[in-house]
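A.B. asks: Okay, predicted coordinates and the sequence, questions at the end:
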Amino acid sequence: GIAVGMATNIPAHNIAEVSYALLALVDDEELSVSEIAKYIKGPDFPTGAIILGKSGIKDYMEKGRGSVKIRAKTEIEEVKSGREAIIVNEIPYQVNKSNLITSIADLVRDKKINGIADLRDESDRDGIRIVIEIKKDANAQVVLNQLYKHTQLQSSFGVIMLALVNNRPKVMNIKEILMHHIDHRKVIIIRRTKFDLQKAEARSHILEGLKIAIDNIDAVIKIIKESADEDNARVSLISKFRLTKIQAEAILEMKIRQLTGLKRKEIDDEYLEVIKLIEKLHSVLADPNKVLDIIKNEVLDIKRKYGDKRRTQIQAAEADFNIEDLIQEEEVAVTMSHAGYIKRISLDTYKAQHRGGRGIIAMNTKEEDFVENLFITSSHSYMLFFTTRGRLYWMRVYEIPEGSRTSKGKAMVNLLQLQGTEEKITAAIPIRSFNPEDIKDEYLLMCTRNGTIKKITLDKFINPRKRGIIAIELEDGDILTEVKAINKNPEIIIATKKGNAIRFKESGIRAIGRTGRGVKGIRLEKDDEVIGMEVFSPDDIFLSISENGYGKRTKVGKYRLQQRAGHGVINMQATKRNGNIVGIKKANDGEEVMIITQNGITIRLRVNSISVIGRNTQGVRLVRLDDGDKVAAIACVVKDENVEELQDAVEKVEKADKE
């Protein structure tokens with residue numbers, strides 16, 4: 001006959017990384033292999049060591065076949081003899097330590113490597129430690145490179161992602177094999193659910209018979225006493241009470257103690273529990289989404305029980321760099337102006353300026369423009385931009401054009417692929433890392449004009465795309481107005497143009513998926529809409545301003561803490577004098593705000609000049625307007641003369657340079 005030999009060689013992976021990838025695929029089956037690779041970094045071997053280069057990982061993830069270079073984890077240190085020594089702490093997967101030491105000794109004996117003075121194994125229960133002492137006239141790094149070349153300190157692992165699919169061998173990429181696993185879990189869960197349902201229905205059938213017997217216990221006992229034998233009793237019970245053979249058999253097997261009132265209650269309680277279970281199992285079989293939810297919960301359970309940190313490091317090979325590897329990571333300042341201009345400036349620019357100097361973040365903007373946001377972050381960080389249409393765009397900070405201290409920057413509309421002129425940037429948030437472990441407790445809070453609020457974990461945006469993705473599904477006519485990054489259970493205030501405001505805790509909002517619409521944050525009256533959302537602590541003060549130029553500062557504690565989705569309380573009276581409320585902002589002492597009018601006039605105010613007054617009031621005049629002009633918006637200002645956050649960052653950079 002003809003024989004065919006096939007081999008499979010699937011490397012070990014980190015169970016936490018695989019879990020994150022499975023969860024992402026359950027949520028979005030359209031994920032590409034490159035997007036999955038953001039979760040699964042590559043093999044994770046139990047022996048640790050280092051994977052050299054990413055090309056082999058990319059090959060097997062995309063094509064199902066590839067070769068991964070594994071290098072021992074080593075360090076060079078000085079030992080007691082005064083010589084340098086190469087210390088091997090982790091060796092490649094499937095490499096035998098004894099054979100490795102023997103091969104090194106053979107190379108020294110055959111004089112293929114001349115720089116080694118001594119070789120010993122100091123491994124113990126705490127781990128591997130192979131000590132390779134180097135001769136005083138030899139270079140340890142050169143010897144190490146020779147060992148990589150001639151021994152299994154560096155080896156290759158040939159990956160073949162081959163498995164049986166419908167009883168046929170098939171080589172699969174990483175997405176295919178994960179999708180087959182998800183499909184397998186679906187089959188298992190459906191079979192398990194059907195089995196559990198069959199058992200539950202059989203039990204409910206028996207319990208129904210027992211309930212009938214207990215309800216008619218005297219008649220049942222009489223039938224049994226008068227029956228000639230067990231078969232006759234069974235037939236009589238079936239005939240009298242219209243029971244099935246199974247139910248009649250269960251009644252005949254009842255013990256006398258089950259006739260007590262307590263046992264009767266236990267049967268009733270068990271019957272109710274079984275009925276609830278049957279309903280739950282039917283709902284799982286009827287709804288594919290519930291099957292997916294079970295898969296996700298089981299994956300999370302496995303991750304919680306067995307997930308651990310990655311053991312195998314992944315390092316770039318000499319010719320395996322991406323653009324990020326070529327860009328120096330440094331602390332930078334990113335400024336955004338009210339008119340939509342953005343720029344990046346290295347903190348080195350500010351080193352020569354004394355703390356508290358004026359003009360440190362000045363920019364040559366149009367007369368009515370001003371710096372509205374300042375972020376101190378890394379050049380390798382991400383900037384997330386949210387738009388009025390509920391979409392998220394992103395770019396790396398190093399992609400933001402670099403500017404001087406006085407340049408105005410570049411218009412954001414020229415940097416992002418926005419969908420039409422109606423789509424506007426409504427919020428920007430810097431994220432230093434999308435590592436799932438780093439952002440697992442980080443949330444984003446979104447609010448729309450119609451009062452919808454949505455909480456979502458930051459890891460839902462772990463695959464940002466330059467062309468934009470949906471951050472929140474909006475109803476017709478609604479727009480996204482606010483986005484805040486949160487992580488410590490703050491309090492929230494949502495304010496409306498008719499003068500209402502509601503204060504509630506962030507913990508009252510359940511986190512949901514990326515395309516979900518969210519929940520009701522505040523219930524609006526007819527013709528009312530949300531004009532602002534701010535995140536506060538109870539001791540904060542916030543400013544409200546109306547379209548006719550009146551405003552007030554009020555302590556957050558003056559607003560009753562309540563549940564979300566209420567109408568709230570009166571924040572500021574929207575009287576004929578005041579007009580509608582146009583905005584709220586955090587306004588603690590020392591801060592400044594800019595008031596912008598419909599005619600393009602900007603007025604800068606120190607909030608200290610505005611009195612702190614009660615909640616249900618009309619406020620005081622903040623600005624005098626020309627006839628027909630109204631306040632359009634309010635914004636916080638990054639002050640030229642008070643940039644402590646920036647200066648602190650500069651001092652850290654200077655200190656690091658000195659060290």
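C.D. replies: Noted; the coordinates are in hand.
A.B. asks: CA only for contacts and neighbour counts going forward, please
C.D. replies: OK.
A.B. asks: got the residue ranges for the helices in the stretch 551-659 of the chain?
C.D. replies: Assigned by DSSP state H, counting those that start in this stretch, the stretch 551-659 of the chain shows helices spanning 644-658.
A.B. asks: Can you show me the strands along it?
C.D. replies: Per DSSP state E, counting those that start in this stretch, the stretch 551-659 of the chain carries strands over the ranges 569-570, 581-586, 592-597, 602-606, 620-621, 631-636.
A.B. asks: isn't Met572 right next to Gly614, touching?
C.D. replies: No. Using Cα atoms under 8 Å, Met572 makes no contact with Gly614, being 9.3 Å away.
A.B. asks: quick one, which of the two is more surrounded?
C.D. replies: Legend: neighbour count by other Cα atoms under 10 Å for Met572 and Gly614, higher for Met572 (29 against 16).
A.B. asks: So what pairs up with that one in the strands?
C.D. replies: Beta bridges link Met572 to Thr617, judged by DSSP bridges.
A.B. asks: For it, which residues are in contact?
C.D. replies: Residues counted as contacts of Met572 (Cα atoms under 8 Å, 6 or more residues apart in numbering) are Gly499, Asn500, Ser544, Ile581, Arg615, Asn616, Thr617, Gln618, Gly619.
A.B. asks: Any chance of these in a markdown table with neighbour count and distance to Ala250 as columns?
C.D. replies: Formatted as a markdown table, those follow (neighbours: other Cα atoms under 10 Å; distance: Cα to Cα, whole Å):
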| residue | neighbour count | distance to Ala250 |
| --- | --- | --- |
| Gly499 | 27 | 69 |
| Asn500 | 25 | 65 |
| Ser544 | 23 | 73 |
| Ile581 | 31 | 73 |
| Arg615 | 21 | 70 |
| Asn616 | 16 | 71 |
| Thr617 | 15 | 75 |
| Gln618 | 21 | 77 |
| Gly619 | 24 | 78 |
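A.B. asks: Can you convert these into a markdown table and add a column each for distance to Glu208 and pLDDT?
C.D. replies: What follows is the contacts of Met572, written out as a markdown table (distance: Cα to Cα, whole Å; pLDDT from 0 to 100):
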| residue | distance to Glu208 | pLDDT |
| --- | --- | --- |
| Gly499 | 60 | 94 |
| Asn500 | 56 | 96 |
| Ser544 | 65 | 95 |
| Ile581 | 64 | 95 |
| Arg615 | 62 | 88 |
| Asn616 | 62 | 84 |
| Thr617 | 66 | 85 |
| Gln618 | 68 | 85 |
| Gly619 | 70 | 89 |
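A.B. asks: Closest to His150 out of those residues?
C.D. replies: Ser544 (73.2 Å; Cα to Cα).
A.B. asks: I'd like the distance from stretch 277-294 to the chain centre, please.
C.D. replies: What separates the centre of stretch 277-294 from the centre of its chain is 26 Å, taken as Cα atoms, centre = their mean, to the nearest Å.
A.B. asks: do stretch 526-534 as well
C.D. replies: Computed by Cα atoms, centre = their mean, the separation of stretch 526-534 from the middle of its chain amounts to 28 Å.
A.B. asks: Run a quick neighbour tally on Tyr382.
C.D. replies: Residues lying near Tyr382 (other Cα under 10 Å) number 21.
A.B. asks: ok, now how distant is it from Lys586?
C.D. replies: Distance of Tyr382 to Lys586, given as Cα to Cα, to the nearest Å: 25 Å.
A.B. asks: so what's the backbone phi/psi at the residue of the chain most remote from its centre?
C.D. replies: The centre of the chain is farthest from one residue, Ala228, which by Cα atoms, centre = their mean lies 71.5 Å away. Here is the backbone geometry of Ala228 (degrees, to the nearest 10): phi -70, psi -40.
A.B. asks: Next: the one 3 residues further on.
C.D. replies: Asp231 has phi and psi values of phi -60, psi -40 when expressed as degrees, to the nearest 10.
A.B. asks: Tally up the residues packed near it, please.
C.D. replies: Neighbour tally, Asp231, other Cα under 10 Å: 10.
A.B. asks: In terms of secondary structure, what does the host helix or strand of Arg191 contact?
C.D. replies: For Arg191, the host element (DSSP states H and E) is helix 174-215. Counting contacts by 3 or more Cα pairs under 8 Å, 6 or more residues apart in numbering; DSSP states H and E, helix 174-215 is packed against helix 15-27, helix 33-36, helix 55-63, helix 245-252, helix 261-286, helix 288-306.
A.B. asks: what angle sits between that helix and helix 288-306?
C.D. replies: Interaxial angle of helix 174-215 relative to helix 288-306 (axes from the mean of the first three to the mean of the last three Cα atoms, to 10 degrees): 100 degrees.
A.B. asks: Return, as residue ranges, the portions of the stretch 351-500 of the chain with sub-threshold pLDDT.
C.D. replies: Counting by pLDDT under 70, the stretch 351-500 of the chain shows low-confidence ranges at 351-368, 464-466.
A.B. asks: which residues of it fall in helices?
C.D. replies: With DSSP H, counting those that start in this stretch, there are no helices along the stretch 351-500 of the chain.
A.B. asks: Among the strands of the stretch 551-659 of the chain, show me which one is buried the most.
C.D. replies: strand 581-586 (a mean of 25; mean count of other Cα atoms under 10 Å).
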